[in-house]
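A.B. asks: attaching a predicted model along with its sequence, questions to come.
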Amino acid sequence: MDRRGVAQVSIDVISVGILVVLDQALDYLEPVKRGFWCSDETIKYPRQSETVPYKELVEIAMVAPVVFLIISEIIYFQVSKRNKLFLTSQEFWYNLITVLSTWACTFWINSVITKFIKVRVGRLRPVFLDYCNPTIDCDDAAWKDQYVTNFTCRVGHSVENFVRTSFPSGHSSESMVSMVFLIIYLWKRYRHNSTRYFVALVQIVVLFVGLFVALSRIYDNIHHWSDVLAGIAIGTIVALVVSLAPKRLDRLQDDSDEVKIAATSQATFRSSIA
């Protein structure tokens, strides 16, 4: 790896570190305290078990993509060596670090944007009344036509913050930003490969996983449909802009072009011998 590569990797690591710190800092911000109408049916849904709890979201949106990218790059490198396409170990490590750092930057930029919007909007979740159990009685006629702001939730501070941060859906944005990134990565890495149709199938499956996680938030009563739609849009846009605009993944495309040229040259050479 040359000096330019070392400098780029160093900048990437520092950038990811700053984003992670900023992301953690946003967890300490208090969401906007919004009131509610007792007649609002959209916040009266009952709580139920989550199809994709946060622990599983971490596995799907963070752990699985990293493992996938590492395995993919190892396989690509081994196949290249077998076909004598002259990709060096230094190129392998540079490509792997570039891919992982670009994914990390993409993921945490999305997380920072999503969390900031959450705390500044302070939208109440569909299960707000069930979780909050406010100190006013909505069955009392005195509260029927009033916008209630003077109340206290009979739950812990963290739970109250949870039910006050519905928009946008974090599950939706985080699952989609990772899945869309993987789709872009596969397109860049294998667009000239003979397995492109299989790769297209993998891309469809990856997209399905992201949409499944996002849509589960609606039927679990955790988010309004507009929260999920906004989360999908944010995750998709961030993945497209951060991974494509700086052309960070174009090196993978260059490698694929080299593989294609080398493979064509080999085929031509064999034909001339025959």
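C.D. replies: Everything's here; your move. Residues are numbered from 1 along each chain as shown.

A.B. asks: so where do the helices sit in this structure?
C.D. replies: Taking DSSP state H as the criterion, the chain carries its helices at 3-26, 54-58, 64-82, 89-121, 128-132, 157-163, 170-190, 196-219, 225-244, 250-273.

A.B. asks: low-scoring stretches of the protein, by residue?
C.D. replies: 1-2, 4-5, 83-87, 192-193, 251, 253-274 (pLDDT under 70).

A.B. asks: same thing but at 80, please
C.D. replies: Where the chain drops to pLDDT under 80, the residues are 1-9, 80-88, 191-196, 245-274.

A.B. asks: returning to what we had before: same list (the helices of the chain) but as JSON lines, adding distance to Tyr45 and mean neighbour count.
C.D. replies: C-betas here are computed from N, CA, C, even on glycine. Listed next are the helices of the chain as JSON lines, based on distance: least, Cβ to Cβ, whole Å; neighbours: other Cβ atoms under 10 Å:
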{"stretch": "helix 3-26", "distance to Tyr45": "27", "mean neighbour count": "13"}
{"stretch": "helix 54-58", "distance to Tyr45": "19", "mean neighbour count": "12"}
{"stretch": "helix 64-82", "distance to Tyr45": "30", "mean neighbour count": "15"}
{"stretch": "helix 89-121", "distance to Tyr45": "19", "mean neighbour count": "19"}
{"stretch": "helix 128-132", "distance to Tyr45": "7", "mean neighbour count": "20"}
{"stretch": "helix 157-163", "distance to Tyr45": "11", "mean neighbour count": "15"}
{"stretch": "helix 170-190", "distance to Tyr45": "17", "mean neighbour count": "25"}
{"stretch": "helix 196-219", "distance to Tyr45": "10", "mean neighbour count": "16"}
{"stretch": "helix 225-244", "distance to Tyr45": "12", "mean neighbour count": "20"}
{"stretch": "helix 250-273", "distance to Tyr45": "44", "mean neighbour count": "13"}
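
A.B. asks: out of these, which gets nearest to Ala141?
C.D. replies: For Ala141, the closest of the helices of the chain is helix 128-132, at 17.3 Å, according to Cβ to Cβ.

A.B. asks: OK, contacts around Ile113?
C.D. replies: Neighbouring residues of Ile113 by Cβ atoms under 8 Å, 6 or more residues apart in numbering: Ser173, Ile234, Val238.

A.B. asks: how close does it sit to Glu174?
C.D. replies: 11 Å (Cβ to Cβ, to the nearest Å).

A.B. asks: distance of Lys118 relative to Asp227?
C.D. replies: Distance from Lys118 to Asp227, by Cβ to Cβ: 10 Å.

A.B. asks: then Gln8?
C.D. replies: 37 Å.

A.B. asks: Arg120 against Arg34, yeah?
C.D. replies: No - with contacts counted by Cβ atoms under 8 Å, Arg120 stays clear of Arg34, the gap being 11.2 Å.

A.B. asks: any idea how many residues pack against Arg34?
C.D. replies: Neighbour count of Arg34, defined by other Cβ atoms under 10 Å: 13.

A.B. asks: residues contacting it?
C.D. replies: Gly122, Arg123, Leu124, Arg164.

A.B. asks: recalculate using a threshold of 7 Å.
C.D. replies: Gly122, Leu124 (Cβ atoms under 7 Å, 6 or more residues apart in numbering).

A.B. asks: now it: phi and psi?
C.D. replies: Main-chain torsions, Arg34, degrees, to the nearest 10: phi -100, psi 150.

A.B. asks: that older thread, what's the overlap in contacts for Lys118 and Asp227?
C.D. replies: Common neighbours of Lys118 and Asp227 (Cβ under 7 Å, 6+ apart) are Phe167.

A.B. asks: just to revisit the earlier point, for Ile75, state which of the contacts of Ile113 is nearest.
C.D. replies: Val238 (27.3 Å).

A.B. asks: can you tell me the closest non-neighbouring residue to the closest one?
C.D. replies: Spatial nearest neighbour of Val238, excluding adjacent residues (Cβ to Cβ, 6 or more residues apart in numbering): Asn110 at 4.2 Å.

A.B. asks: cool, Tyr76 as well?
C.D. replies: In space, Tyr76 is closest to Arg189, 6.6 Å off (Cβ to Cβ, 6+ apart).

A.B. asks: having no further points to raise, I will conclude here.
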